[in-house]
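Visitor: quick one: sequence and predicted model below, then my questions.
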Amino acid sequence: MRYLLLFLFTAVSCTGFSQKNDYNLKKGVVANGYDVVSYFYNKPAKGSKSYTTEYDNVTFRFSNKDHLNMFKNNPTQYIPQYGGYCAYAIGLKGEKVGVDPKTYEIRDGKLYLFYNSWGTNTLKLWLNENPEELRKKADANWKKIAH
């Protein structure tokens with residue numbers, strides 16, 4: 001019984017502490033500090049330190065109080081897929097790659113972020129290389145690499 005309790009405590013503790021590994025936390029916040037709700041209005045906006053909340057042991061910022069409250073009411077609706085890492089890179093190779101927070105797609109009600117720098121826009125690649133197939137691969141790859 002003692003070993004079972006020790007195992008359960010260790011499993012829960014490790015799961016709790018490893019959550020941050022599942023999020024792209026550039027600048028210490030999800031989505032490089034952008035307001036994840038704003039994407040769903042097709043107007044990506046930087047979040048403010050005045051409107052922040054924690055969910056899943058990470059910090060989210062919002063551009064206004066309404067978006068903060070919308071997130072608090074239904075956080076899983078707004079969280080970027082694959083922890084905010086580049087959806088194309090997760091789908092193609094199962095690699096965690098940073099993003100340009102202004103390069104995104106809303107697909108089937110979910111937020112996908114993409115790398116866009118040095119002449120490489122992975123959103124364009126995603127759209128040109130069968131996004132539904134890449135999404136399926138990304139979903140499978142994410143299960144393997146997420147903690």
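Guide: Here it is on my side, so go on. None of the values given here were measured: they were computed from a predicted structure. Residues are numbered from 1 along each chain as shown.
Visitor: for this structure, just list every one of the strands.
Guide: 48-55, 58-62, 100-107, 110-114, 116-117, 120-121 (DSSP state E).
Visitor: report the angle between the fourth one and strand 100-107.
Guide: Okay, so that is strand 110-114. 140 degrees (axes from the mean of the first three to the mean of the last three Cα atoms, to 10 degrees).
Visitor: got a list of what residue 142 touches?
Guide: When contacts are counted by Cβ atoms under 8 Å, 6 or more residues apart in numbering, residue 142 is found next to 81, 82, 90, 94. No exception for glycine: its C-beta is placed from N, CA and C like everyone else's.
Visitor: now the buried members of these.
Guide: Buried members of the contacts of residue 142, counted by 16 or more other Cβ atoms under 10 Å: 81, 82, 90.
Visitor: does the first one touch residue 111 like I think?
Guide: Which is residue 81. Yes: taking Cβ atoms under 8 Å as the contact criterion, residue 81 and residue 111 are neighbours in contact, 6.4 Å apart.
Visitor: could you list the low-confidence segments of the chain?
Guide: 1-21 (pLDDT under 70).
Visitor: domain map for it?
Guide: 23-78, 80-147 (automatic domain parsing).
Visitor: and the longest one, how far apart are its ends?
Guide: Read it as domain 80-147. 16 Å (Cα to Cα, to the nearest Å).
Visitor: starting at the chain centroid, how far to it?
Guide: Its chain's C-alpha centre and that of domain 80-147 lie 10 Å apart, by Cα atoms, centre = their mean, to the nearest Å.
Visitor: same question for stretch 22-37.
Guide: 7 Å.
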